[in-house]
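Asker: prediction below, plus the sequence it came from.
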Amino acid sequence: MSTTQGQGTATDTATSPAGQPSRWDRMFREITTGSAIISVLAVVLALVVGAVMIAFTNKDVQASAGYFFSRPGDTLAAIWNAVSGAYSALFQGSVYNFRRPSFAAGIKPLTETLTFATPLIMAGLGVALGFRVGMFNIGGRGQMLIAAALGGWVGFAVDLPYGLHLIVALVVGILGGALWGGVVGLLKARTGAHEVITTIMLNYVAFYLVSYLLRDGFLQTPGSNNPKSPATKVTAVFPDLLGPNYILHFGFILAILATIFTWWLLARSNLGFQFRAVGLNPHAAKVAGISVKRMYVYAMMLSGGLVGLAGINQVLGTTTSGFGAGLDSGIGFDAITVALLGRSKPWGVFWAGILFGAFKAGGFSMQAAEGVPIDIVLVVQSLIVLFIAAPPLVRAIFRLPVPGTTRRKTQVNVSQEVAAK
Amino acid sequence: MKLELRGITKKFGALVANDHINLTVEAGEIHALLGENGAGKSTLMNVLYGLYRAEEGEILLDDVVQHFAGPGDAMAAGIGMVHQHFMLIPVFTVAENVMLGHEDTKTGGRLDLVAARKRVREISDRFGFDVDPDALVEDLPVGVQQRVEIIKAVSRDAKVLVFDEPTAVLTPQETDELMVIMRQLKDAGTSIVFITHKLREVRAVADRITVIRLGAVVGEASPTATNVELATMMVGRAVDLTVDKAPAIPGDAALVVANLNVLDAHGQVLVNNVSFEVHKGEILAIAGVQGNGQTELTEALMGLQPRVSGEITLDGKSLRGHSVRQVLEAGVGFVPEDRTEDGLVGEFTIAENLMLDRSNDEPFVRRWNVQRALLAKFAVEKVKEFDVRSQGIETPVGRLSGGNQQKVVLARELSRDLRLFVAAQPTRGLDVGSIEFVHERIVATRDSGTPVVVISTELDEVAALADRIMVMYRGRIVGIVPGDTPRAVLGLMMAGEAPAGEGAAA
């Protein structure tokens, strides 16, 4: 009677493909690794909503709306002017400024975009790496601060020859971030403490620790009362990439290298293979002899190291005149958005970082040229995340098919099973 | 109440899950719905219960056409369902679970628990259940939890009760008791639909049998039909109910387990002082009802249990206290009982899953890099050798059928140099073709001289594969008996009764 074995009705219940992970797991995975098209559409959608808000907040539009029914053309023209003006200012402030005389001057906004993008890419890669191992690293701020404090200290307090100084400061900074992230991994592996809570708390620890050191400790500029560090020594400063006229520095090359490294790690290396296995199914990984706990520690160290790179980039590259406790300027949190928009894929994060760099660079000129409040840019950024976190909403608006619906899945499952008979 | 399904057709895309199914269940009748996994039994019952809308056909209760928009309508019309996976809230009491969904309230919205308790007592007295309304569901044994499900259905005046694979989790004794309950319900006028693929139970309790295959009714059978007749109807071809295997030629003892104990986090003993040997070239089947320590014993062998005492040696080397990786590297092949949860990463491709437990060393990893070309070549070979039906080696395994998924697990484990092969529930949820394949592979592994341990809750599988059978009950070994031990003896052993005198030390 060997024909009648097998008790599970996994394949019997046509709609529930075997082994459904929990709803939370599925949601986490969908939000962190869903398809690229959702990301693109989320950006489009956010820009559309942003346009509506620009139109609403514009004075001309408000004025002409008062007599909308007598001359609707005025209102429409005002809306067009407001929206196109704002978005063209955004473009000119972030990519190419047509009003400038030469190409060399016109392209300047793009280099600013790339400079803003550099730390976002680095930190975004760190957060994305965490996502791929199934962990939510919200500790970007703390990891950046510790990295910047340690690496920055090497940068201003130690005397080393040109080149070597930079490398030492860089390595110390990355190790600082890795340490701050590794603690989280260790706590999770040893005690099961949830990384969301520990990273948030370690943000506070790092912030107040660095604040203290900037006020009373060895990070403070001697003889000054400001909670600010001394300037980074020239021997440790990132070289400019395009000469002194542009702010773009060596950090961007590091961002590219970090992207390539993370891609190799996740897509080609055995450690990345184990990371992904743990992220997708920790039970199966454990049974296959992969030490899940060790992977948590390694992943958080690498994640923290990448975020730390962003921190060190700020003190050795972007602002070399000394740093305060606010040096992360929200990058640690924006990195989460960047990682989500990039779908936790290294090159996706790279382009998402550049987009957010463009928002940052262009946002200022949008405000300066068109009087559009900079908050609108933040609204657009936040809406992007909101739409990414709600894939069904985006699919419904653009009438996309739902991927892997029960129907399709069943079809594949059962037809193959029938074929196997 | 008489239930009639007329021409029910349910399609999922191009797949016809139910093809014009007609089924009539008379009042006070136990009607068995027999069919393989994937035959469409559960789909049909989900249509009946209002979870799916059928494309064609109608449902009649006492000759009145019904339109169910959801389970609520079905329940209101008098249809109750006892699901295979219980729909109970573990931290609620029995009474709270029973009242859930149609809570009586007193003024101010306070729950009327007194009435609920009374109702539970009344129903359990009527059927002779011994159920305490104030017991927490999570503290109850599985068999009693099922009774709570039955009380729940009866308390809503169900006139038609559907039992979906109710015996999968029960001991033979509990199964017998369930049969008694089903007869009582029948005598009280309830119509019962009994979904199963276990031939013996069908013949024991059913008044009529409807067999479905590939979504269509292939015929009715009487309970007097033989197992072979029923199986042939179910599968659609003549079925060989035995596995071809030569007598075992056991060699030296390879796996020696001595005085093994496994505790859980609360200090509860899960595996109690277990000692046995497995020889080269033999299959030891570990039989027992689900939840009697077999899972924990297997996990202890694999290094997956943290609190283990006693000794485990393989070919003279100790395995106890080693990590999973060390156990795997010692040459142990393992098929976990829940392949989607523990055996495979659903989103990974077939190729990636084939290297899942070899992600540290050669041949698949060289200097930190995954050797993708080599892996692809290996995967193509294995997919062919193990007849994995798929769109190619880049297909995510989550998209494969259960049988093909299990072939991927087998291909991975059997392509290493093994000194021991452990297969837990190797054919759970598989179709007949895959079951035969898996069994052949297991026997072939034995014939190559590898010691094999098969853990199964299915007596049929145990009887088909085992050279020796070890029966576990409440974490202890009841006895180790020869492979041809009669089913009746095994059934008693699974309930904890030691075999009379013989075999215990075999």
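Answerer: Cool, the structure landed. Numbering: from 1, shown residues only, chains lettered A, B, ... in the order given.

Asker: contacting residues for A:Gly348?
Answerer: A:36, A:39, A:128, A:341-342 (Cβ atoms under 8 Å, 6 or more residues apart in numbering or on different chains). C-beta here means a position set from N, CA and C on the backbone, and glycine is covered the same way.

Asker: after whichever helix or strand it is part of, next one along is what?
Answerer: According to DSSP states H and E, A:Gly348 maps onto helix A:346-370. The helix or strand immediately downstream of helix A:346-370 is helix A:375-388, counting by DSSP H and E.

Asker: what's that next one in contact with?
Answerer: Contacts of helix A:375-388 (Cβ under 8 Å, 6+ apart): A:31, A:34, A:38-39, A:41-43, A:45-47, A:49-50, A:53-54, A:57, A:86, A:90, A:334, A:337, A:340-341, A:356, A:359-360, A:362-363, A:366, A:393-394.

Asker: also stretch B:143-152?
Answerer: Contacts for stretch B:143-152 (Cβ under 8 Å, 6+ apart): B:80, B:82-83, B:86-88, B:94, B:97-98, B:120, B:123-124, B:127, B:129, B:131, B:137, B:140, B:161, B:166, B:169-171, B:174, B:177-178, B:181, B:185.

Asker: wait, does the lowest-mean-pLDDT helix or strand in chain B make contact with chain A?
Answerer: Least confident element among the helices and strands of chain B, by mean pLDDT, DSSP states H and E: helix B:227-235 (a mean of 78). Yes - for helix B:227-235, a contact with chain A is found by Cβ under 8 Å from any Cβ of the partner chain, at B:227, B:231, B:234-235.

Asker: for residue 194, grab the count of nearby residues.
Answerer: No chain specified, so I'll use chain A. Neighbour count for A:His194, taken as other Cβ atoms under 10 Å in any protein chain shown: 14.

Asker: my bad, the chain I had in mind was chain B
Answerer: Neighbour tally, B:Phe194, other Cβ under 10 Å: 27.

Asker: I figured it hits B:Asp207, correct?
Answerer: No - B:Phe194 lies out of contact with B:Asp207 (Cβ atoms under 8 Å); the separation is 9.8 Å.

Asker: name the residues contacting each of those two.
Answerer: If you check B:Phe194 and B:Asp207 against Cβ under 8 Å, 6+ apart, the residues they both contact are B:30-31.

Asker: could you list the low-pLDDT ranges of the stretch 201-350 of chain B?
Answerer: B:237-242 (pLDDT under 70).

Asker: tell me the confidence at A:Pro401?
Answerer: Per-residue confidence (pLDDT) for A:Pro401: 72.

Asker: need the contact list for it.
Answerer: Applying Cβ under 8 Å, 6+ apart, the residues near A:Pro401 are A:Arg395.

Asker: for A:Met144, same thing?
Answerer: By Cβ under 8 Å, 6+ apart, the residues touching A:Met144 are A:119, A:123, A:177, A:307-308, A:310-311, A:314, A:327-328, A:331-332.

Asker: for the helix or strand where B:Val274 lies, packing partners?
Answerer: Element membership for B:Val274 (DSSP H and E) is strand B:269-279. With contacts taken as 3 or more Cβ pairs under 8 Å, 6 or more residues apart in numbering or on different chains; DSSP states H and E, strand B:269-279 sits against strand B:253-263, helix B:294-302, strand B:308-314, strand B:476-482.

Asker: enumerate the residues of the stretch 351-500 of chain B near chain A.
Answerer: Near chain A, when you scan the stretch 351-500 of chain B using Cβ under 8 Å from any Cβ, you find B:352, B:355-357, B:359-360, B:364-365, B:368-370, B:372, B:389-390, B:398-405, B:427-436, B:439, B:456-458, B:460-461, B:463-464.

Asker: and the strand holding B:Val274, which residues are buried?
Answerer: Buried residues in strand B:269-279, counted by 16 or more other Cβ atoms under 10 Å in any protein chain shown: B:269-272, B:274, B:276-279.

Asker: which stretches of the stretch 101-250 of chain A form helices?
Answerer: Listed in chain order, the helices found in the stretch 101-250 of chain A under DSSP state H, counting those that start in this stretch are A:103-106, A:108-132, A:140-157, A:164-191, A:195-216.

Asker: any low-confidence regions in chain A?
Answerer: A:1-24, A:26, A:30-34, A:402-421.

Asker: again, 80 this time
Answerer: A:1-36, A:389, A:391-392, A:400-421 (pLDDT under 80).

Asker: and residue 243, how many neighbours?
Answerer: Using chain A here. A:Gly243: 8 neighbours (other Cβ under 10 Å).

Asker: nope, chain B please
Answerer: There are 16 residues near B:Val243, going by other Cβ under 10 Å.

Asker: can you check B:His266 too?
Answerer: 5.

Asker: can you tell me how far it sits from B:Gly310?
Answerer: 19 Å (Cβ to Cβ, to the nearest Å).

Asker: who's in contact with A:Tyr67?
Answerer: By Cβ under 8 Å, 6+ apart, the neighbours of A:Tyr67 are A:Asp74.

Asker: returning to that earlier point: of the contacts of helix A:375-388, buried ones?
Answerer: Looks like the contacts of helix A:375-388 have A:31, A:34, A:38-39, A:41-43, A:45-47, A:49-50, A:53-54, A:57, A:86, A:90, A:334, A:337, A:340-341, A:356, A:359-360, A:362-363, A:366, A:394 buried, using 16+ other Cβ under 10 Å.

Asker: for whatever residue of the stretch 251-400 of chain B ends up closest to chain A, give its distance to B:Ala498.
Answerer: Here the stretch 251-400 of chain B gets closest to chain A at one residue, B:Thr340, 2.5 Å apart by Cβ to the nearest Cβ. According to Cβ to Cβ, B:Thr340 stands 36 Å off from B:Ala498.

Asker: and these two? Which one has more around it.
Answerer: Comparing B:Thr340 with B:Ala498 by other Cβ under 10 Å, the one with more neighbours is B:Thr340, at 24 against 15.

Asker: that one contacts B:Ser401, correct?
Answerer: No - assessed by Cβ under 8 Å, B:Thr340 is found out of contact with B:Ser401, at 11.6 Å.

Asker: okay, and the common contacts of these two?
Answerer: Counting by Cβ under 8 Å, 6+ apart, nothing touches both B:Thr340 and B:Ser401.

Asker: what's the spacing between the residue of the stretch 101-250 of chain B found nearest chain A and B:Val82?
Answerer: Closest contact between the stretch 101-250 of chain B and chain A, by Cβ to the nearest Cβ, is at B:Ala168 (4.0 Å). B:Ala168 is 12 Å from B:Val82, where distance means Cβ to Cβ.

Asker: the two: which has the busier surroundings?
Answerer: Ranked by neighbour count (other Cβ under 10 Å), B:Ala168 and B:Val82 place B:Val82 first, with 24 against 21.

Asker: so what's that one up against?
Answerer: B:146, B:149-150, B:153, B:161-164, B:166.

Asker: tell me which of these is nearest to A:Phe275?
Answerer: Of all the contacts of B:Val82, B:Asp164 has the smallest distance to A:Phe275: 39.4 Å, by Cβ to Cβ.

Asker: that closest one pairs with what?
Answerer: The partner list for B:Asp164 in beta bridges (DSSP bridges) reads B:Ile195.

Asker: and it, what is it in contact with?
Answerer: A:9, B:42, B:45, B:81-84, B:195.
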